[in-house]
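Enquirer: Below are the sequence and a predicted model for it; my questions follow.
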Amino acid sequence: MEARAIAKYVRMSPSKLKPVADLVRGKSLQEALTILKFTPGKSAELVEKVVISARANAENNFDMDFDKLYVAEIYVNQGPTMKRWRAGSQGRAGRILKRSSHIGVVLKER
């Protein structure tokens with residue numbers, strides 16, 4: 001049995017979120033939440049919100065035991081990219097890519 005949570009269209013690039021996801025992959029839920037709480041940056045906050053949501057799904061929907069849960073899977077995929085233009089020198093335009101991500105977490109019992 002597994003509980004999952006997905007956050008879509010998160011306004012941060014996957015390259016900033018993936019190192020944080022790698023920190024908690026395979027860890028127990030309590031240890032993962034502690035790591036995320038003390039990791040600086042917005043990326044840790046975003047990943048923590050998804051892990052907390054998956055924990056709530058496990059407890060409320062599947063009656064899983066909080067102490068036995070661990071992060072079985074965590075992934076960060078690239079979402080759609082917004083393309084914007086910024087004025088450049090001599091009448092040119094510079095391209096700005098505003099990337100987004102999809103964060104997914106799967107929790108299982110040991």
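Expert: Sure thing, it's come through. Numbering: from 1, shown residues only.

Enquirer: hey, where'd the strands end up in this protein?
Expert: Using DSSP state E, the strands assigned to the chain run over residues 2-10, 69-78, 82-87, 93-98, 101-109.

Enquirer: The longest helix seen in the chain - contacts with which helices or strands?
Expert: As assigned by DSSP state H, the longest helix anywhere in the chain is helix 42-61. On a contact count with 3 or more Cβ pairs under 8 Å, 6 or more residues apart in numbering; DSSP states H and E, helix 42-61 meets strand 2-10, helix 14-24, helix 29-37, strand 69-78, strand 101-109. The way it works is simple: take the backbone N, C-alpha and C, and place the C-beta from them, glycine included.

Enquirer: okay, the angle between that helix and helix 14-24?
Expert: What separates the directions of helix 42-61 and helix 14-24 is an angle of 60 degrees, with axes from the mean of the first three to the mean of the last three Cα atoms, to 10 degrees.

Enquirer: Quick check, pLDDT for the residue lying farthest from the centre of the chain.
Expert: Outermost residue of the chain with respect to the C-alpha centroid, by Cα atoms, centre = their mean, is residue 90; its distance is 40.5 Å. Residue 90 is assigned a pLDDT of 94 by the prediction.
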